[in-house]
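Trainee: from the sequence below, what's the structure:
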Amino acid sequence: MTVSDRQPRDGERIERYGARVLLLDGDRLLMLRGHDPHQPSRSWWFTPGGGVEPGESERGAAVRELAEETGFVLAEHELAGPVWRRTALFDFFSRQYVQHEVFFVARREDAERRSAVDQAWTVDEQEVIDGSQWVTLAELADAGIEVFPARLSESWADFDPWDGVARDLGVEPE
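Mentor: This next block holds a predicted model:
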């Protein structure tokens, strides 16, 4: 999750592309908890992932971001999908974003775990990520805070197990 260096004109949304990983461990999903320093009373659960860098593939971005944010290392071929595509509309650091995202699914048993010391959080990530946790669907449904994408607190049937169909979640305001 990196914040673009490009400064938008007044009222303009920053448009970017992102890749995310739904990392499963049995009936649990790895989620990150974060907040927006410009809206300190608001926090939410979200999936590991972030922006696709110039010249980088979506799969490449997904495995890079997963390793940087969580310490779990996968090879690109260990990702299934994309299972979901969506466009997220959100405000973050008092800037408006349009993020076109793809979601891949993977299993914890396929990942190598580096120590937390090896995580490479950006300055922005250090400021906004409060922690990570393995959660069940029921725990997300009862979270009491926002979950992104919201569908994660409703059903995991689209990706657990994945049927090979990439689903379009459309445009989702956050």
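
Trainee: just the pLDDT for the residue nearest the centre of the chain.
Mentor: Nearest to the geometric centre of the chain sits Thr47, at 3.2 Å (Cα atoms, centre = their mean). Looking at Thr47, its pLDDT is 97.

Trainee: thought Leu89 was touching Tyr97?
Mentor: Yes. Under the criterion of Cβ atoms under 8 Å, Leu89 makes contact with Tyr97 at 7.2 Å. Any C-beta I mention is one placed from the backbone N, CA and C, and that applies to glycine too.

Trainee: who has more neighbours out of the two?
Mentor: With neighbours defined as other Cβ atoms under 10 Å, Leu89 and Tyr97 compare such that Tyr97 has more, 19 against 13.

Trainee: for Arg33, which non-adjacent residue is closest in space?
Mentor: Excluding the flanking residues, the one nearest Arg33 by Cβ to Cβ, 6 or more residues apart in numbering is Asp130, at 4.6 Å.

Trainee: output the below-cut-off pLDDT ranges for the protein.
Mentor: Judged by pLDDT under 70, the chain has its weakly predicted residues at 1-11, 114-122, 126.

Trainee: for it, longest helix please?
Mentor: Looking across the chain with DSSP state H, the single longest helix is helix 58-70.

Trainee: what does the helix or strand just after that one contact?
Mentor: Beyond helix 58-70 on the C-terminal side, the first helix or strand identified by DSSP states H and E is strand 72-73. When contacts are defined by Cβ atoms under 8 Å, 6 or more residues apart in numbering, strand 72-73 is touched by residues 23, 30, 48, 63, 66-67, 108, 111-114.
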